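1. starting from these lines, generate the structure:
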Amino acid sequence: MMGRYRKSQVGNRSRFYFLLSIVFIFVVVKWGFPLFIKIIAGDGVEIKRTEEDIIPPQTPILSALPEATNGAEIIVEGYTEGGANLELNVNDVLNKTDTAKEDGFFSFTATLQNGTNRIQIRAVDPANNASLSEVKLVNFDKEPVSLTITSPKDGTEYIGKNSQTVEINGKVNKPNTQVLANNSFVDVGRDGTFSHKMQLSAGDNTIKIVASDKAGNKDEVELKLIYSP
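-> Numbers count the residues shown, from 1 in each chain. Reported below is the predicted structural model:
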């Protein structure tokens, strides 16, 4: 009796293992082999890796800017990484924003304050990495130049060879002002005064004196002097 029972247990266990083996083989054939092949081929289990972007955009390069200007606005151009978000800062304060073109070119119209202006561009990429251009200094000077000729007076007549050389005397109201007399440079003192000798030709002589500063402000005076040998 016990022998038959044992034989029945062994038979049931064998059938169970047999069915389990069939199921295992089916699973392996159905999913195991394809998965193994994909892994071997390199496109099976996808390993996701997140690479953090820590590289800042190309440092913005600014085109040459004037040292001084008498205009309240100035064009600021240059190049950086294409598509980067740009911030124009004037005196460390945000002035305007824009986006660089595909080739990296950008152009701003900056609004200046009276006096010295610090101009800088900040470029920011989508990962919020930033780079800064060098600082350019531009002086906004709208104070006019005033030129005064103290001697000689307009219309003065000179007679004789000893009077052929005349001295033009005058003054400008701003330091570092350039003075030209008929396109010849005139030495200007620290106090703004100047004295310049010129030789007259027989007849009417027109002398044009022009004073200008670095910002482009200027004033001019024209004298007509008469010389008779």
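2. look up the closest residue to residue 73, ignoring the ones flanking it.
-> Once flanking residues are discounted, residue 73 sits nearest to residue 109: 5.4 Å by CB to CB, 6 or more residues apart in numbering. C-beta here means a position set from N, CA and C on the backbone, and glycine is covered the same way.
3. now residue 59
-> residue 131 (4.8 Å).
4. helix/strand/coil for the one you found?
-> strand (DSSP: H, G, I helix; E, B strand; the rest coil).
5. circling back to that earlier point, which helix or strand contains the residue nearest to residue 73?
-> If you go by DSSP states H and E, residue 109 is part of strand 105-111.
6. name the helices or strands packed onto that strand?
-> Here strand 105-111 touches strand 73-79, strand 85-90, strand 93-99, strand 115-124, going by 3 or more CB pairs under 8 Å, 6 or more residues apart in numbering; DSSP states H and E.
7. nearest to residue 139, of those strands?
-> Closest of these to residue 139 is strand 115-124, at 5.3 Å (criterion: CB to CB).
8. can you give me the mean pLDDT across the closest one?
-> The pLDDT scores in strand 115-124 average 97.
9. got the buried residues for it?
-> Using 16 or more other CB atoms under 10 Å as the test for burial, strand 115-124 gives 117, 119-124.
10. for those residues, give me TSV that also has distance to residue 64.
-> Output for the buried residues of strand 115-124, formatted as TSV (distance: CB to CB, whole Å):
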residue	distance to residue 64
117	15
119	12
120	15
121	14
122	20
123	19
124	24
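11. on that earlier part again, does the residue nearest to residue 59 touch residue 61 like I think?
-> No. Counting by CB atoms under 8 Å, residue 131 stays clear of residue 61, with 10.7 Å between them.
12. so for these two, which residues contact both of them?
-> Contact criterion CB atoms under 8 Å, 6 or more residues apart in numbering; residues bridging residue 131 and residue 61 by contacting each: residue 80.
13. ok, the two, which is more surrounded?
-> Ranked by neighbour count (other CB atoms under 10 Å), residue 131 and residue 61 place residue 131 first, with 18 against 13.
14. show the contacting residues for the residue nearest the centre of the chain.
-> Residue closest to the mean C-alpha point of the chain, counted by CA atoms, centre = their mean, is residue 62 at 3.6 Å. By CB under 8 Å, 6+ apart, the residues touching residue 62 are 76-78, 119, 121, 133-134, 136.
15. cool, and residue 215?
-> Contacts of residue 215 by CB under 8 Å, 6+ apart are 68-70, 139-142.
16. which of those are buried, as a PyMOL select command?
-> Provided next is the PyMOL selection string for whichever of the contacts of residue 215 are buried by 16+ other CB under 10 Å:
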select buried, resi 68+69+70+139+140+141
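17. reformat the contacts of residue 215 into CSV and put distance to residue 170 next to each item.
-> As requested, the contacts of residue 215 are exported to CSV (distance: CB to CB, whole Å):
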residue, distance to residue 170
68, 23
69, 26
70, 22
139, 25
140, 27
141, 21
142, 23
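18. would you list the contacts of residue 215 in a markdown table and tack on pLDDT?
-> Output for those, formatted as a markdown table (pLDDT from 0 to 100):
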| residue | pLDDT |
| --- | --- |
| 68 | 97 |
| 69 | 98 |
| 70 | 97 |
| 139 | 97 |
| 140 | 98 |
| 141 | 97 |
| 142 | 95 |
